[in-house]
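Visitor: For reference, the sequence and a predicted model appear below.
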Amino acid sequence: MKEKINNFKEIFKKIFLVSVLILVIIQFRKISKEIKVEDIKYIFKNLSIFIIILMGIYGIFANIPASLYDFVLNDELDNDYEKKYIAETGFCINNFNDLLGLGGFISIGLRTAFYGKGHEPSKLVKKIIELLVFLPCGLSFFSILSLISLYFHENPVLERYMILLIGASLYIPIVFGLSFFGKIKFKKKNQIKLFIISIAEWFGVMSAFVVIGYLMGIKFDLITLSTLVVAANIVGYISMIPGAIGSFDLIILLALKSQGIDQELALSWILLYRLAYYIIPFCLAFVFFSKNFTKAFQFKEAGFLKRLFKNITVLFNTFMMYIFGLFMILAATLPDKAYGGGLLTKLNPIRASAIYQFPSILFGFIFIIMARAYISRQKKSYILNIVILSLVFLYTYITGYSLSTLIYIVIMFVMNLITKDELHTKQFIYASEDRFIDLLLANFMLIVYVGKILKHGSIIDVNISDANDFILIPFEYNFASIIVTISIIYFLSYLLIRFLQGSRLKIGEKFDRDRYLSLLESQGGSKEAFLAFLDDKDLFWLRKDGLDLACLQIKTIADKVVVMGDPIGNEEHFDELLDEFINQADDLGYNIVFYEINKEITMKVHEYGFNFMKFGESANVNLEEFNLDGKKKKNLRKTINKIDRDGYKFEVMEKPFDGKTIKRLQEISNSWLGEGKEKGFSLGFFDRNYLNTGDIAVVKNPDGKIIAFANLCPIYYKNWATVDLMRYDDKVDGLMDYLFINIFTYLKENNIKYFDLGMAPLANVGVMRHSFLQEKMVYMIFKLGDHFYSFEGLKAYKDKYASFWEERYLSYSRGSSLIFSALTLFYVINKKIK
């Protein structure tokens, strides 16, 4: 239930944001008809360069208080960065966040990157979020002052914003309450500093607007203008639009007009304010970002032609359906008289006189969705396409058809009939990449529609006079109608998607411990075989004549099936296993992501059309050649000898383990993790059943108490061994090296030839000057998002033991995005362990 409520909140938030944007566009479209561009040009022409420079200087000066937040944050984190570095990065962070927004993601991401070195990520993010709580305090403070001024100086115009001012003024008491009850962990003196800084920041925001008006020579009442700026900023803050672009501008434009200021002069005022307070400081912030970036991120059969023809037909029909859907929305957005028979008219297969406005937009969304279902070869799409094409044909005919439009629909109808036997997929899986592109295009056209269609008639009738008749905010009745319209379109689109999806069918089977052990013992394993015992993945089996021959470790996330590591079992059947797996996934509409696979498997799946990129390197130790001889190993020898002399002992404990031992191992694990969280999928996590699958190497102190452990993983793979969890008391220097070297010695004595140290993710990937852009973006996703493990540090540490390195790859379905595949992988690895 809680998850459904959260989903509803997210949906409402998106609808609210889109509705705000549409409302802003509508109003600016109305206002633009009354504005004379020549007058605006005249105003700018008469401003001297000196005045414009003064505006820019004051805009930069007004932004300085916001950078002070980061001095307080670094004091709270006990960082010792140079003041110059904090000042520059703080200026950068706050300007990027002001202009780009993204719900605080930029603020959190950049502060984590610039100041997060040596800090546990979850604790750092919590501190940053607590800091963000103080940001609106200044606006709340000035709302209180505005209410006080209204009490002593009545103003009918300002009283319309009374509810907004009262609501904003309540924020400070809420923050004080959180502080009083200990919900905010900042030091009290730092909380006071943050409160003062917030006031200074918002004073800078408002004073910048006032000073620019003064430099333009505009006469105004200071108290009245200040209150209007406060109210406009409140609306801008509520709108959640980055920089309050549009929402603030619209409210302040109307407010200035109500004070007798010409629209052209008011608009010029707003544009100069945006230039001085946002654009010029942003350029300076970008210089600071570029300067400090490096420091922060150190970073042959008969049916061939027939199938080819049908595949081309499917692609062409998909293209026609998708374009048809977009042009149906565009036809409502720009009717014939709007673009007057230009190139767009010739390209448009739809006569706007026939299909227009709301039904056209709705059909447009439907065709975009159906194009995606059709290209995924979903069985249900065949009948549904026949029905929808018939309805559109009828609708086009009734509303004033054209021959070209009917021919276009008939062509799609015929191609749908021709390709019927190509539609084999059992379900529709709406890929995240496709969903992103579709929403982006459709919503863009929807916004353009609302803005452009007004002068030709619309289901939403908005009048500028409504701005003076409201309870809470201007245009509230129009705002509600926009929400209803968008909600209807989105709701019907959602129902269509759910119908196409049906009951979700998953690939693979739940982990069966006994069956899996039987496979390992009879057919062999792989270097990642032990991860299946975590029981956080499913298995895809190859079974012939009642005998299990091989399997894959998989996890289904939304539209993707992520495969962990190389196939497990009999190598002679790997080709058959991969063929069956890829075909089944394709039949169910899933995209596949292979993670940490070797070069041989990468080339094999590449034959199926999979793209790939190197994702890291796996470190391997030749135990027969490993020793501690030579100058390079001198420090290691000293470390090992010292720990031995201090009375520490290495021991391998055999399974099963009693409750007392598990409890002690849990204590060590919890201490090692600190406030960090367990990861999964490609990394093990502490679990009693998992630890009881193999022996455990431990180090005991002179009192016989366990202070470090590593589980020896059951991989059943030739003469190889590996460990997964290695957790220890970091108070003893060199303990990790001591544990590793003793494990090597123990395995060597037991005739094991090779040891897998595990992968160094993104080692030598995306960091070269000529690396592919997508590889660089994947590197940034994991670099910015995962601070628990240091990629460079991991590579350097393993390098002192590694005899040789083996490249590991990420391979993903053709048509999938590398970025979205990497995001899915990042999510599955970092998903919270229950």
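Guide: Everything's here; your move.

Visitor: any idea how far residue 417 is from the residue of the chain most remote from its centre?
Guide: Note on the chain: the largest C-alpha distance from the chain mean falls to residue 645, namely 51.1 Å (Cα atoms, centre = their mean). As judged by Cβ to Cβ, to the nearest Å, residue 645 and residue 417 stand 84 Å apart. Where C-beta positions appear, they are placed from N, C-alpha and C, glycine not excepted.

Visitor: Repeat that for residue 328.
Guide: With Cβ to Cβ as the criterion, residue 328 and residue 417 are 22 Å apart.

Visitor: of these two, who's got more company?
Guide: A direct count of neighbours by other Cβ atoms under 10 Å for residue 328 and residue 417 places residue 328 higher, at 28 against 11.

Visitor: so where does that one fall, helix or strand?
Guide: Element membership for residue 328 (DSSP states H and E) is helix 304-333.

Visitor: Which of the residues in that helix are classified as buried?
Guide: By 16 or more other Cβ atoms under 10 Å, the buried positions in helix 304-333 come out as 310, 313-314, 317-318, 320-333.

Visitor: any idea of the mean pLDDT in it?
Guide: For helix 304-333, mean pLDDT rounds to 78.

Visitor: Mind giving me the packing neighbours of it?
Guide: Counting contacts by 3 or more Cβ pairs under 8 Å, 6 or more residues apart in numbering; DSSP states H and E, helix 304-333 packs against helix 357-375, helix 403-418, helix 432-452.

Visitor: What residue spans form the domains of this protein?
Guide: Following the TED database, one finds the domains of the chain at 1-294, 307-456+473-501, 509-612.

Visitor: pLDDT averaged over the last one, what's the number?
Guide: Here the mean pLDDT over domain 509-612 is 92, rounded to a whole number.

Visitor: hmm, back to that, measure how the helix holding residue 328 sits relative to helix 357-375, angle-wise.
Guide: 160 degrees (axes from the mean of the first three to the mean of the last three Cα atoms, to 10 degrees).

Visitor: What residues of the helix or strand that contains residue 251 count as buried?
Guide: For residue 251, the host element (DSSP H and E) is helix 247-258. Applying a neighbour-count criterion of 16+ other Cβ under 10 Å, one finds 247, 248, 249, 250, 251, 252, 253, 254, 255, 256, 257 buried in helix 247-258.

Visitor: Specify which member of those is nearest to residue 587.
Guide: Nearest to residue 587 among these: residue 247, at 47.7 Å, using Cβ to Cβ.

Visitor: and that closest one, what pLDDT?
Guide: Note on residue 247: pLDDT of 66.

Visitor: One more: residue 477?
Guide: So, for residue 477, pLDDT stands at 54.

Visitor: Spit out the contact partners of residue 683.
Guide: 724, 829 (Cβ atoms under 8 Å, 6 or more residues apart in numbering).

Visitor: same thing but at 10 Å, please
Guide: 531, 534, 724, 725, 758, 759, 788, 789, 829, 830 (Cβ atoms under 10 Å, 6 or more residues apart in numbering).

Visitor: Then residue 709?
Guide: Taking Cβ under 10 Å, 6+ apart as the test, what residue 709 contacts is 651, 653, 661, 664-665, 668-669, 672, 691, 696-700, 723, 725-728, 739.

Visitor: Just the buried residues of those residues.
Guide: Buried among these (16+ other Cβ under 10 Å): 661, 664-665, 668-669, 672, 691, 696-700, 723, 725-728, 739.

Visitor: residue ranges for the helices of the stretch 701-834 of the chain, please.
Guide: 735-749, 773-785, 791-799, 818-830 (DSSP state H, counting those that start in this stretch).

Visitor: Which positions within the first one qualify as buried?
Guide: I take that to be helix 735-749. 735-744, 746-748.

Visitor: Fine by me, we can end here.
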